[in-house]
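**Student:** give me coordinates for this.
(one chain, ligands or ions: 1)
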Amino acid sequence: MYHRVVEREDRRDGDRFVTSVRRLRRHLTWLSRLAYSAVPLTALLGQPAGPGRRHLAVTFDDGYADTLELALPVLEAHATACTVFIVTDCIGGHSRWLEAPHRLLSREQILLLHQAGVAIGSHARTHRRLTQLPDAELWSEVADSKACLEDLLGARVDAFSYPHNDADPRVMEAARKAGYRLAVGGNKLPHQAHHLHRIDSAQLNHLQLLVQVSGVHRWARRQPLPKPLRAAARRLL
Ligand SMILES: [Zn+2]
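**Tutor:** Predicted structure coming up:
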């Protein structure tokens, strides 16, 4: 999972959701060297998260303009499939959920991504925490954002991404009822079609990414290691 992509990361910025073009390129280069291939999210349905997988899905949340301007050329150079999740009430505007707002994709730019073969998914209407909304507002966030994107693209929208990775069984059921085939979230609830686990890869170096993609870190955390070793492993992995 990625968010913003920038030419150069500014360490003083402290934004953990930012990835430089160089870092993204390095991630994709190493994944392909180790024979991992990126597939559309829907191709992962029904597959367990864990060691042994050789394919993965690349996703970008929020729909920043830099997804088209900076990430797409890198993705195309590596023939990498990806899904971009759009906050539909903010199309063509700026992210309102961050301290420093950032430019979001316009309707025309979303269409350009779609024409380039990028899958478009919904990231709700307003990027609010869905578990805190009453039923009617929750429904509008999941169903109206889907309808908005389907109108724009003239194509079915199958994937949803929970804003802030915030989901519970009620929210997952709303996503399912609205017609999404899958939804992506954090790692707090079990891995399933409407709560696929993701790796927050924005700030990982390529070794950390490869460890997480391989699933070795989950295995290592379950091992009966002495406390100091376990703490060291947690820091490294
Ligand atoms: Zn988001």
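
**Student:** please count neighbours and contacts with C-alpha atoms only from this point.
**Tutor:** OK.

**Student:** tell me the buried residues in the helix of greatest length in the chain?
**Tutor:** Determined from DSSP state H, the single longest helix within the chain is helix 21-33. Neighbour-count burial for helix 21-33 flags Val21, Arg23, Leu24, Arg25, His27, Leu28, Thr29, Leu31, Ser32 (criterion: 16 or more other CA atoms under 10 Å).

**Student:** what sits up against it?
**Tutor:** Helix 21-33 has contacts (CA atoms under 8 Å, 6 or more residues apart in numbering) with 5-8, 37, 70-71, 74-75, 78, 80, 205-206, 209-210.

**Student:** so which of the residues you listed wins on neighbours?
**Tutor:** Greatest neighbour count in those, by other CA atoms under 10 Å, goes to Val5: 25 neighbours.

**Student:** quick one: the strands in the chain?
**Tutor:** For the chain, strands defined by DSSP state E occupy the ranges 4-6, 18-20, 37-38, 55-56, 58-60, 82-86, 119-122, 159-161, 182-184.

**Student:** possible to save the ones you listed as JSON lines with distance to His194 and mean pLDDT?
**Tutor:** Output for the strands of the chain, formatted as JSON lines (distance: least, CA to CA, whole Å; pLDDT from 0 to 100):
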{"stretch": "strand 4-6", "distance to His194": "24", "mean pLDDT": "92"}
{"stretch": "strand 18-20", "distance to His194": "26", "mean pLDDT": "92"}
{"stretch": "strand 37-38", "distance to His194": "20", "mean pLDDT": "84"}
{"stretch": "strand 55-56", "distance to His194": "17", "mean pLDDT": "84"}
{"stretch": "strand 58-60", "distance to His194": "15", "mean pLDDT": "95"}
{"stretch": "strand 82-86", "distance to His194": "15", "mean pLDDT": "96"}
{"stretch": "strand 119-122", "distance to His194": "13", "mean pLDDT": "97"}
{"stretch": "strand 159-161", "distance to His194": "8", "mean pLDDT": "97"}
{"stretch": "strand 182-184", "distance to His194": "4", "mean pLDDT": "95"}
